[in-house]
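Colleague: Quick one, what's the 3D model for this:
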Amino acid sequence: MAACGRLPLQRLLSAPSPRLISSRHVQVESASPATVYPPVLPSRTAKSKSAKQRVLLDFFEQLRGAEPREKIRELTRVQRMKYVVYPQTFALGADRWYQHFTKTAYLPGLPDTFSTTAEPDQHLKTAIDDSALSELRSLVCSALLQENWYMKKGRTFVHEKQKRSVTPFLTNIVSALVHSLARTNPVLRLSSLDFDPQVNFYWVNGERTIPRGHRRGRVEPKWFQIDDKPHSQIRIPHQLPEFVPLEAEISAEVPAVQLEPDRLPLFRRQYDNNICIGAKLEDPYSYGHTQFHIVPDKFHRDRLIKKSLSEHIEVFLRANAIASLYAWTGAQAMYQGFWSEQDVSRPFVSQAIITDGQYFSFFCYQLNTLALSSFATPDNHRKNLCWGTESLRLYETITDGDVVGWDDNVLRLLVQFLLNKPQN
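Modeller: Numbers count the residues shown, from 1 in each chain. This next block holds a predicted model:
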């Protein structure tokens, strides 16, 4: 009988055996090959959202290298139903809506460049002495008495009193002050003084869903148009200095309005889309200095007080300033080649003075962005800025050929606005 024996395990392990050989293949992550084919783009002729977006982006890319005239022509070529924004409006609370439409933050008071205190700032002290200020006071008082005391004016038609008295008064003082201060501010000698100019601006902000009709449910942009006609404006060949840096952090916020503009109310109309600063594109005076606006009779403070709408007086003035100055500065930026897909690289600054002949309100505006609805900058943190004062009374009344209650601080502030000049 054979004896039972065991083979040593070490001999088996050392011997080559197919059972002990591992045949697993370890997968090693290799480098991804370079892309051979171009990306698949949506068709230009399809009706999908991606195809329409591609056509729009290609159109924007073509405009980037175009001249300002070609950009304005292409952006305003197609007529669409648009919201017409009236700078002087009867709507209650219009200032908050206008801030939302233009992405403007309102800051009470004026920038540090100006001073509303009893003593003028250092810039005004060095530019205007007491004798020159007395001469300017005499000019304004003479123009005021000429229209309200010396001339005999009969009864006017309804809503024509401001046109008969305040319009010639403002025309005279603007011409006189610009001529007198040209000796101190050389920019005024090179400026263009326009009367009854036409200022227009056309822009896009937000989207809306079509509520009814054969295109119901589709999404389209919200188009806006401002057609403004100030009493007068001063244009200069160089740009005014910025009030704050372009990327400065401002605590004031832009009001968010969730309702449709129809609730303001705003009405949609279809006519030519216009962008204009009050002059043609070839005009060398392509930058704004100061605008002058007159409060019409139907929005006069006495009329609003009789209707128990005294709180609407300042709201109306703020809305007028925000809409007018945004349209003016926006058109200036468009004249320089900027638009919503090519945002401004420097701020655009303008000023405005709104008056009813007795009360004056002063506003400063700095345009920091045109990209309110932009594919290029979807998360735009910039916002436009507007500074303003409440109504300041120049005088109390006119009695027996004498101006009673004259306030020199208002005249000083008016002079400071006109003395503002470019840094270069």
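Colleague: Tell me how far the residue lying closest to Ile210 once chain neighbours are set aside lies from Pro265.
Modeller: The shortest distance from Ile210 to any residue other than its chain neighbours is 5.1 Å, reached at Arg218 (Cβ to Cβ, 6 or more residues apart in numbering). Where you see a C-beta, it was placed from the backbone N, CA and C, and this is true even at glycine. Arg218 sits at a distance of 23 Å from Pro265 (criterion: Cβ to Cβ, to the nearest Å).
Colleague: And for Thr397?
Modeller: 38 Å.
Colleague: try Ser310
Modeller: Taking Cβ to Cβ, one finds Ser310 at 23 Å from Pro265.
Colleague: so how many other residues sit close to Pro211?
Modeller: When neighbours are defined as other Cβ atoms under 10 Å, Pro211 has 10 of them.
Colleague: So it: helix, strand or coil?
Modeller: Here Pro211 is recorded as coil under DSSP: H, G, I helix; E, B strand; the rest coil.
Colleague: where do the helices sit along the stretch 101-250 of the chain?
Modeller: With DSSP state H, counting those that start in this stretch as the criterion, the stretch 101-250 of the chain has helices at 122-127, 130-145, 161-181, 186-189.
Colleague: which stretch among the ones you listed comes nearest Pro38?
Modeller: helix 186-189 (53.9 Å; Cβ to Cβ).
Colleague: Can you give the contact residues for the closest one?
Modeller: Helix 186-189 is contacted from outside by 178, 181-182, 234, 236, 238, 289, 418, 421-422, using Cβ atoms under 8 Å, 6 or more residues apart in numbering.
Colleague: which parts of that helix are buried?
Modeller: Across helix 186-189, burial judged by 16 or more other Cβ atoms under 10 Å covers 187-188.
Colleague: do the same with stretch 129-140
Modeller: Buried, per 16+ other Cβ under 10 Å, within stretch 129-140: 133, 136, 139-140.
Colleague: try stretch 251-268
Modeller: Across stretch 251-268, burial judged by 16+ other Cβ under 10 Å covers 257, 261, 264, 266, 268.
Colleague: longest helix of the chain?
Modeller: helix 312-335 (DSSP state H).
Colleague: Just want the phi and psi numbers for the residue lying closest to Asn148 once chain neighbours are set aside.
Modeller: In this structure, Asn148 finds its nearest non-sequential neighbour in Ile398, 5.3 Å apart by Cβ to Cβ, 6+ apart. Backbone torsions of Ile398, given as degrees, to the nearest 10, read phi -120, psi 120.
Colleague: what is Ile398 paired to in the beta sheet?
Modeller: Beta-bridge partners recorded for Ile398 (DSSP bridges): Val403.
Colleague: just Tyr83 next, same as before
Modeller: Beta bridges link Tyr83 to Phe224, Arg268 when assigned by DSSP bridges.
Colleague: Might you report the residue contacts of it?
Modeller: Here Tyr83 is in contact with 222-225, 261, 266-268 (Cβ under 8 Å, 6+ apart).
Colleague: Tell me how far it lies from Leu413.
Modeller: 34 Å.
Colleague: Now do the strands in the stretch 251-400 of the chain.
Modeller: 268-269, 287-294, 348-355, 359-367, 384-388, 392-393, 397-399 (DSSP state E, counting those that start in this stretch).
Colleague: nearest to Tyr106, of these?
Modeller: From these, taking Cβ to Cβ, the stretch that ends up closest is strand 384-388, at 5.1 Å.
Colleague: neighbouring strands for the closest one, and are they parallel or not?
Modeller: Here strand 384-388 is paired, per DSSP bridges, with strand 104-108 (parallel), strand 359-367 (antiparallel).
Colleague: in the shortest one, what counts as buried?
Modeller: Under the neighbour-count criterion of 16+ other Cβ under 10 Å, strand 104-108 has 104-107 buried.
Colleague: Please apply the same query to stretch 389-406.
Modeller: 389, 391-392, 394-395, 398, 403, 406.
Colleague: Could you do stretch 279-294 as well?
Modeller: Under the neighbour-count criterion of 16+ other Cβ under 10 Å, stretch 279-294 has 279, 285-294 buried.
Colleague: Low-confidence ranges, the stretch 51-200 of the chain, go.
Modeller: 115-127, 151-152, 154-158 (pLDDT under 70).
Colleague: one more time with 50, if that's ok
Modeller: 116-126 (pLDDT under 50).
Colleague: now do the stretch 251-400 of the chain
Modeller: Judged by pLDDT under 50, the stretch 251-400 of the chain has no weakly predicted residues.
Colleague: Can you name the residues that contact the closest residue in space to Thr377 that isn't next to it in sequence?
Modeller: Distances taken as Cβ to Cβ, 6+ apart place Ala371 nearest to Thr377, at 4.7 Å, with adjacent residues excluded. Applying Cβ under 8 Å, 6+ apart, we find Ala371 in contact with 340-341, 343, 377, 380, 382.
Colleague: again, only using 7 Å
Modeller: Contact analysis of Ala371 by Cβ atoms under 7 Å, 6 or more residues apart in numbering lists 340, 343, 377, 380.
Colleague: for Glu160, same thing?
Modeller: So Glu160 contacts Asp297 (Cβ under 7 Å, 6+ apart).
Colleague: now it: how far from Pro296?
Modeller: In terms of Cβ to Cβ, Glu160 sits 10 Å off from Pro296.
Colleague: Spatially central residue for the protein, please.
Modeller: Residue closest to the average C-alpha location in the chain (Cα atoms, centre = their mean): Tyr326, at 2.9 Å.
Colleague: wait, isn't that residue in contact with Lys103?
Modeller: No. With contact defined as Cβ atoms under 7 Å, Tyr326 does not reach Lys103; the gap is 9.0 Å.
Colleague: between those two, what contacts are shared?
Modeller: Common neighbours of Tyr326 and Lys103 (Cβ under 7 Å, 6+ apart) are Asn384.
Colleague: I'd guessed Leu304 sits against Val315; true?
Modeller: No. Counting by Cβ under 7 Å, Leu304 does not reach Val315; the two are 9.9 Å apart.
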